[in-house]
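Chemist: A predicted structure for the sequence below; I have some questions about it.
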Amino acid sequence: QVQLVESGGGLVQAGGSLRLSCAASGRTFSSYTMGWFRQAPGKERQFVATISWSGDSTYYADSVKGRFTISRDNAKNTVYLQMNSLKPEDTAVYYCAAALANWRRLTLPHEYAYWGQGTQVTVSS
């Protein structure tokens, strides 16, 4: 089992940057495919990005491709989401998730077994 705690959210102006972190507990963090999702008020949870256990493979939603970068540091049990060129439509609660699965493009919430509590990102225009 793994527990996830997100941090790094906040209020930023359009065009700005934020870096989200997700700290994981447990000795098997490096075995998990990790993902970031987001959920805006009144909307379904939306896939943002995913990364393989080694960090060699990544996949992004079209809406964030070229602006967001997912990475991980297995020595620190942490996964990151660097968000640049932020837009008001990026405003949402961002969630970190973990899946004990071999690498493939996991883009659906039900494919992930563990979730953090979320961190709010607000982008003002």
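Modeler: That came in fine, so what should we check first?

Chemist: distance of residue 112 relative to residue 98?
Modeler: 6 Å (CB to CB, to the nearest Å). Just so you know, the C-beta spots here come from the backbone N, C-alpha and C atoms, and that holds for glycine as well.

Chemist: now residue 45
Modeler: 15 Å.

Chemist: neighbour count winner among the two?
Modeler: Taking other CB atoms under 10 Å, residue 45 and residue 98 do not tie; residue 98 has more neighbours (25 against 17).

Chemist: partner residues bridging that one?
Modeler: residue 34, residue 114 (DSSP bridges).

Chemist: center of the chain - which residue?
Modeler: residue 36 (2.2 Å; CA atoms, centre = their mean).

Chemist: mind checking pLDDT for residue 106?
Modeler: Residue 106 carries a pLDDT value of 95.

Chemist: and if you look at residue 102?
Modeler: With respect to pLDDT, residue 102 has a value of 81.

Chemist: find the nearest non-adjacent residue to residue 52, please.
Modeler: residue 103 (3.9 Å; CB to CB, 6 or more residues apart in numbering).

Chemist: on that earlier part again, where do the contact lists of residue 112 and residue 98 overlap?
Modeler: By CB atoms under 8 Å, 6 or more residues apart in numbering, residue 112 and residue 98 have these common neighbours: residue 35.

Chemist: apart from its neighbours in sequence, what residue is nearest the spatially most distant residue from the centre of the chain?
Modeler: When distances to the mean C-alpha position of the chain are computed (CA atoms, centre = their mean), the maximum falls on residue 125, with 22.7 Å. Here the nearest residue to residue 125 in space, its sequence neighbours aside, is residue 88; by CB to CB, 6+ apart that works out to 4.7 Å.
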